[in-house]
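# Would you be able to build a 3D model of this:
(chains A and B)
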Amino acid sequence: MIAKKAVVIDHLTKTFDDATALADLNVEIKAGELFGLLGPNGAGKTTTINILCGLQEPTSGSVRICGFDVGNGTRKVKELIGVCPQEPALYSYLTGRENVELFGSLYSVPKDRMRKNIDALIEKIGLTEDANRRVSKYSGGMQRRINLAVALVHDPDIVFLDEPTAAMDPQSRHAVWDVIRDLNRQGKTIILTTHYMEEAEQLCDRVGIIDHGELVALDSPAQLKAQYCEETLEDVFIQLTGKRIREEPK
Amino acid sequence: MNFPRVSSLTKKEQKKLLREPAALFLIILFPIALTLAFGVSFGAVGGTSATTYQVGVINADVSPNHSWSQHFVANLAASQILKVTMYTDEAAAHADLAQGKIQALIVIPANFGISCDSFAAAPSDATRWIATSIPLYCDSGSMFATQAIPPLLEQALATTLSGAHTAAVALPVQIESPSLVQATERSAFDYMVPGIFAYAVIFLTMTVAQSFTVDREKGLLRRIGITPTTPTEFMTSQSVANMGIAVVQVALVFAVAFAVGFRPNAAVPGLVLAFGIVAIFALCNVGFGLITATVAKSPGSATGIAFLFILPQMFLGTFVAAASSGVQAAAKFVPSYYVTDALTSLLLRGAPVTSPLVLKDIAVVVGFSFVALVVGVVLFRRYGNA
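As a prediction, the model looks like this:
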């Protein structure tokens, strides 16, 4: 049974040399919530996700996942979370199914349960016929869908989805949306980052908008639109973060 | 340690070897092709005639006891590979070498007999030995002569000295005594095989470096870092996978070498130990690969940087090693030298697995491998996994 508060971010600050990536971030995400983390390029979304996953240490503050401190209980936290990175991270010489199996085996999921999970996931993402082809032969959209399946193979309680539909065609995007909604119906906590405001508006219970490492807005899409007197979430986003184009250096 | 996790990652590495054409070529097909080419060229394929080399000998020994140098020359002449020509005029000998009439020239030094006597008087007390050296001049245009002749000379020296002192660990000429093979049974290719084994394994440095840089670039290392897999489990899988690959490599090279005429002078324990040495040496190259991956920013640069580890090992410690004294001194600093030396002792000289010389070589290889692996893991975790 997971705690009522799935994620608690408490006074989280992260600095790199003289640059502040996150400044005193405070967010609580309820269990079963579909939470959108929005922000322009370089706002601090990826840094936040990295700290939540235990990939980076915070400069100060703390993060608790299902009651476990990410710093001290990283092992337990890793078993609870599933992460879908923005760029597909897959072994190109393995088949789609083998990639999912490999990552499932790293979570010590019993074989029979894992086989069922994999079959169900592959069917959901529409890759049943191509599951035994090597990933190197996949299109970009197929790779992104397998990338999502890899994140979900161990049936995690909390799922981090980093721009899961970036560069997808409408069909693939709607297939992924269906998977996300299905996960949400199962009671999973989902933290979604996206640049598609329509996506956030359609899927998320609440969104947090961060800019320059600071949380500048936190509420449901409907409440934010009402609060800022805008018709769309995208207009709210532009009003809060400005029109200046942001590009992250490599 | 979660062994199913390690097993899954290890199998993944093995699939990579079989499915990625570049890795398959570099690790498996290239060493096999090389062995086949050298075996056909310098082995006994298609007949029993052995390659022969003309060696000039100047006996400058002025020691009271001439019998040592006479025995040495006799042992050289007993070989069917070395055809000995005696010279009294050093200038004439060098002229013949320069003209290609002989492939090598040795000068038995003035104190050769004294040195041998000192060893005979105190075979177990190296402090009482009078060291000496035999100048060797090889035809630089004959790479294979430079590879094949020195071991044959060492063998003749060992035969000369070891008859009365079979328990010796070291000699003034640094040849271990027991179970030396007869040169008449060996082709030039036979002397290359141990070096080819080491040569095959050193390319693991490149494949490991490429693998880690590609996985880092694709975000796969981060993705594995998000799972409950510990760094120890991950590195264990890499080590086990590469040790297995090295054993398979050498098994295939061994099979090809056997098919083209190589016959090891070793029993099963010696062969098993030879494969074990190769597996340990694979760890050394995993460490070098990790160091390379730490420094390299991309898979392309990893390929180039890997040669900083591959070339010294190749030219100083395998079958392409040069024979000059300076190079031989430098060879002591590369692990492949000790691998080749141990394999030569085990597979050609028939040294027992308990031979002190072999055990010393193994200890050095283990030491190199441990240090390289630890340094590689620490550096990569600290600086290379970003």
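
# ok, B:L36 touching B:V256?
Yes - taking CB atoms under 8 Å as the definition, B:L36 is a contact partner of B:V256 at 5.5 Å. For the C-beta atoms, the positions are set from N, CA and C on the backbone; glycine is no exception.

# If you count surrounding residues, which of those two has more?
Each of B:L36 and B:V256 has its neighbours counted (other CB atoms under 10 Å in any protein chain shown); B:V256 has more, 20 against 17.

# ok, A:G61 touching A:T15?
No - at 11.4 Å, A:G61 and A:T15 do not qualify as touching, with contact defined as CB under 8 Å.

# Find the nearest non-adjacent residue to the residue in the stretch 51-200 of chain B that chain A sits nearest to, please.
In the stretch 51-200 of chain B, the residue that lies nearest chain A is B:A200 (21.8 Å; CB to the nearest CB). Residue nearest to B:A200 in three dimensions, not counting chain neighbours: B:P31, with 3.7 Å by CB to CB, 6 or more residues apart in numbering or on different chains.

# Just list what the strand or helix carrying that neighbour packs against, helices and strands only.
Assigned by DSSP states H and E, B:P31 belongs to helix B:30-42. Contacting helix B:30-42 under the criterion 3 or more CB pairs under 8 Å, 6 or more residues apart in numbering or on different chains; DSSP states H and E are the following elements: helix B:188-202, helix B:231-259.

# Tell me the secondary structure at A:Y93.
coil (DSSP: H, G, I helix; E, B strand; the rest coil).

# Please state the backbone phi and psi of it?
Per-residue torsions, A:Y93: phi -90, psi 0 (degrees, to the nearest 10).

# Would you mark the buried spots in the helix or strand just after the helix holding B:P31?
Once helix B:30-42 ends, the next helix or strand along the chain (criterion: DSSP H and E) is strand B:53-59. For strand B:53-59, burial by neighbour count (16 or more other CB atoms under 10 Å in any protein chain shown) applies to B:Y53, B:Q54, B:V55, B:G56, B:V57, B:I58, B:N59.

# The last one reaches B:I108, doesn't it?
Yep, that's B:N59 we're talking about. Yes - look at B:N59 against B:I108 with CB under 8 Å: they come within range, at 4.8 Å.

# hmm, back to that, can I get the buried residues of strand B:53-59 in a markdown table including distance to chain A and pLDDT?
Shown next, in a markdown table, are the buried residues of strand B:53-59 (distance: CB to the nearest CB, whole Å; pLDDT from 0 to 100):
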| residue | distance to chain A | pLDDT |
| --- | --- | --- |
| B:Y53 | 47 | 80 |
| B:Q54 | 52 | 83 |
| B:V55 | 51 | 88 |
| B:G56 | 55 | 90 |
| B:V57 | 57 | 92 |
| B:I58 | 60 | 92 |
| B:N59 | 62 | 91 |
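
# Take these and lay them out in CSV including distance to B:A330.
Listed next are the buried residues of strand B:53-59 as CSV, based on distance: CB to CB, whole Å:
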residue, distance to B:A330
B:Y53, 25
B:Q54, 29
B:V55, 25
B:G56, 27
B:V57, 27
B:I58, 27
B:N59, 30
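
# Identify the farthest-apart pair in those residues.
Within the buried residues of strand B:53-59, B:Y53 and B:N59 form the most distant pair, 18.6 Å apart (CB to CB).

# Skipping its backbone neighbours, what lies nearest residue 65 in space?
Using chain A here. Nearest residue to A:I65 in three dimensions, chain neighbours excluded: A:V77, at 4.6 Å (CB to CB, 6+ apart).

# my bad, the chain I had in mind was chain B
B:G113 is the one closest to B:N65 (CB to CB, 6+ apart), at 4.3 Å.

# One more: A:E231?
Closest residue to A:E231 apart from its sequence neighbours, by CB to CB, 6+ apart: A:K225 at 6.8 Å.

# what residues are up against the residue in chain B sticking out farthest from the centre?
Ranked by distance from the centre of chain B (CA atoms, centre = their mean), the top residue is B:I226, with 41.1 Å. Neighbour list for B:I226: A:C53, A:G54, A:L55, A:K78, A:I81, A:V83 [criterion: CB atoms under 8 Å, 6 or more residues apart in numbering or on different chains].
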